[in-house]
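# With the sequence up front, the predicted model follows.
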Amino acid sequence: MVSSSVGLGISAAILAGGRARRFGGADKASLPVGRARIIDRQLAALSTVADDIRIVANDTQRYAGLGVRVIRDAVADAGPLGGIYTALLDAAHDGVIVLACDLPFVTAALLARLASEHGTGEQVDAVVPRSARGLEPLCAVYNRRAAAAALANIERGQLKIAELLNELRIRVLGPDALAPYDAGALFQNVNTPHDHERARDWVAVNEKPFEDPITE
């Protein structure tokens, strides 16, 4: 069972409803990276920050043994935006960490920073990291009130998350703010077999056998 040791009063959702077309339909969340599956690494990190965690997935039985709630998309076939909307709709708290299931190297320290930025009192709808490749909207904190804008975009067929961000008041954490949390692979994702091999190679070189990189 996943439990929170920090208790910031923040919700979280792992989005695991994608079809993984570039990975032949594989369950990316269950791929091993180092000593644990991606989803185990993510739950370990989230459990130190959030006290209300769920997985958004089409196959609810696939993750039934993980000790967290597994829910279906509230709107079918709406992609990651639909996953965000579902997470916001289901959340117990105003702040909701949203995390794509293919990011194995996101750490508790980064998630805690995102949560604290959301909780500063300033009225923002989302706190979004910006890496060298651009905004990272699937490793971000959204306020529940953004659900209305997400649903409106879904209903008019505008499923690009970038369009949602254009409508929200966002706080961006740029590369300088992210540097203390990045050992070199923070936002490296696993979309293809090649990505998976690269992630495993990174672990072999950079993670010592008895370290717990998830909470560093």
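Yep, it's here.

# From here on, just use CA atoms for contacts and neighbour counts.
OK.

# Three-state assignment for the residue most central in space within the chain, please.
When Cα atoms, centre = their mean is applied to the chain, the residue found nearest the centroid is residue 99 (0.6 Å). Under DSSP: H, G, I helix; E, B strand; the rest coil, the three-state class of residue 99 is strand.

# Next one, pLDDT for it please.
Among the per-residue scores, residue 99 holds a pLDDT of 98.

# That one against residue 11, yeah?
No. The criterion here is Cα atoms under 8 Å, and residue 99 misses it with residue 11 at 11.3 Å.

# Run the chain-centre distance for the top helix by length along the chain.
Identified as the longest helix of the chain according to DSSP state H is helix 193-206. Relative to its chain's centre, helix 193-206 lies at 20 Å (Cα atoms, centre = their mean, to the nearest Å).

# again with stretch 65-81
13 Å.

# The chain: strands as residue ranges?
11-15, 32-33, 36-37, 52-56, 69-71, 95-100, 126-131, 134-135, 139-143, 170-173 (DSSP state E).

# Please work out which of these is packed deepest.
Neighbour counts (mean count of other Cα atoms under 10 Å) averaged over each of those peak at strand 11-15, with a mean of 28.

# which strands and helices sit next to that strand?
strand 52-56, helix 79-90, strand 95-100 (3 or more Cα pairs under 8 Å, 6 or more residues apart in numbering; DSSP states H and E).

# Indicate each strand paired with the shortest one and its parallel or antiparallel sense.
With DSSP bridges as the criterion, the sheet partners recorded for strand 52-56 are strand 11-15 (parallel), strand 69-71 (parallel).

# In PDB, list the C-alpha atoms belonging to that strand.
What follows is strand 52-56, C-alpha atoms only, in PDB (Å, rounded to 0.1, in the frame of the first residue of the first chain):
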ATOM      1  CA  ASP A  52      -4.200  11.000  -2.600                       C
ATOM      2  CA  ILE A  53      -2.900   9.000  -5.600                       C
ATOM      3  CA  ARG A  54      -4.600   7.300  -8.500                       C
ATOM      4  CA  ILE A  55      -3.700   5.700 -11.800                       C
ATOM      5  CA  VAL A  56      -5.800   6.700 -14.800                       C
END
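
# and it with helix 79-90, angle?
150 degrees (axes from the mean of the first three to the mean of the last three Cα atoms, to 10 degrees).

# again with the last one
With the same axes, to 10 degrees as the criterion, the two stretches strand 95-100 and helix 79-90 enclose an angle of 150 degrees.

# Just name whatever secondary elements strand 95-100 is in contact with.
strand 11-15, helix 79-90, helix 108-118, strand 139-143.

# Mind checking the strands paired with strand 52-56 for the one nearest to residue 52?
strand 11-15 (4.6 Å; Cα to Cα).

# For that closest one, give me every contacting residue.
The contact list for strand 11-15 (Cα atoms under 8 Å, 6 or more residues apart in numbering) reads 46, 50-57, 80, 83-84, 87, 91-101.

# and it, C-alpha only, in CSV?
Output in CSV follows, covering the C-alpha atoms of strand 11-15 (Å, rounded to 0.1, in the frame of the first residue of the first chain):
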residue,chain,number,x,y,z
SER,A,11,-3.3,14.8,-5.1
ALA,A,12,-1.5,12.9,-7.9
ALA,A,13,-2.3,10.9,-10.9
ILE,A,14,-0.2,8.6,-13.2
LEU,A,15,-1.6,8.7,-16.7
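
# tell me the average confidence for that strand?
98.
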